[in-house]
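>>> next comes the sequence, and after it the predicted model I'd like to discuss.
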Amino acid sequence: MRGTTAPIAIITAALTVGLLAPGARADPAAQVSPTTVKAGSTVTVRASCDTGTAETVDATSQAFENGTVTLRRAQGTGYTGQATIAPAENFTSGGPDPVGRLSQWGVDGNCPDGRGFHAAFTVDRGH
């Protein structure tokens, strides 16, 4: 029976390491819907975090009318909220964020564990 001790020790060690190793963590993900939106209208922001211990997280964008939107925990580790896009005059040459008719913007935030999320969307300020 001496020959079976080494394989059993190896299997036990492998199982122990497997049970003690931290689980794989998924990168936070975010999306904005719709992906192209008219100035002054509303978008839905969704974020998926690896941990969902907080009831809310904030998402920010220079294109948002108020700059920040609070996302509320929806299911498990998912968060969702709605933001109003700034009016078209904010995106003209005289406004605080001058751009062309179509412009790309980002939304950023942090999950409860501190890891960041990012999504992109397009604002159509019209003619």
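Ah, there it is.
>>> any regions of this protein where pLDDT drops low?
Residue ranges of the chain with pLDDT under 70: 1-25, 52, 93-99, 127.
>>> now the helices for it?
5-20 (DSSP state H).
>>> in the chain, which spans are strands?
29-33, 36-38, 42-48, 56-60, 68-73, 78-84, 102-110, 116-124 (DSSP state E).
>>> now mean neighbour count too, for the ones you listed, in CSV please.
Any C-beta I mention is one placed from the backbone N, CA and C, and that applies to glycine too. Formatted as CSV, these follow (neighbours: other CB atoms under 10 Å):
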stretch, mean neighbour count
strand 29-33, 18
strand 36-38, 15
strand 42-48, 20
strand 56-60, 17
strand 68-73, 18
strand 78-84, 19
strand 102-110, 17
strand 116-124, 18
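>>> contacting residues for G78?
Contacts for G78 (CB atoms under 8 Å, 6 or more residues apart in numbering) come out as R46, A47, S48, C49, G52.
>>> ok, back up a step: would you format the strands of the chain as a markdown table with distance to T92 included?
A markdown table is the format used below for the strands of the chain (distance: least, CB to CB, whole Å):
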| stretch | distance to T92 |
| --- | --- |
| strand 29-33 | 22 |
| strand 36-38 | 14 |
| strand 42-48 | 20 |
| strand 56-60 | 22 |
| strand 68-73 | 23 |
| strand 78-84 | 18 |
| strand 102-110 | 11 |
| strand 116-124 | 12 |
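>>> of all these, which lies closest to N90?
strand 116-124 (9.4 Å; CB to CB).
>>> pull the CA atoms of that closest one into PDB?
C-alpha atoms of strand 116-124 as PDB (Å, rounded to 0.1, in the frame of the first residue of the first chain):
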ATOM      1  CA  GLY A 116     -14.400  50.700 -12.400                       C
ATOM      2  CA  PHE A 117     -16.900  50.300 -15.300                       C
ATOM      3  CA  HIS A 118     -17.200  52.300 -18.600                       C
ATOM      4  CA  ALA A 119     -19.600  52.500 -21.500                       C
ATOM      5  CA  ALA A 120     -19.900  54.700 -24.500                       C
ATOM      6  CA  PHE A 121     -22.800  56.300 -26.300                       C
ATOM      7  CA  THR A 122     -23.500  58.900 -29.000                       C
ATOM      8  CA  VAL A 123     -25.400  62.200 -28.600                       C
ATOM      9  CA  ASP A 124     -27.200  63.600 -31.600                       C
END
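>>> this completes my enquiry, with thanks.
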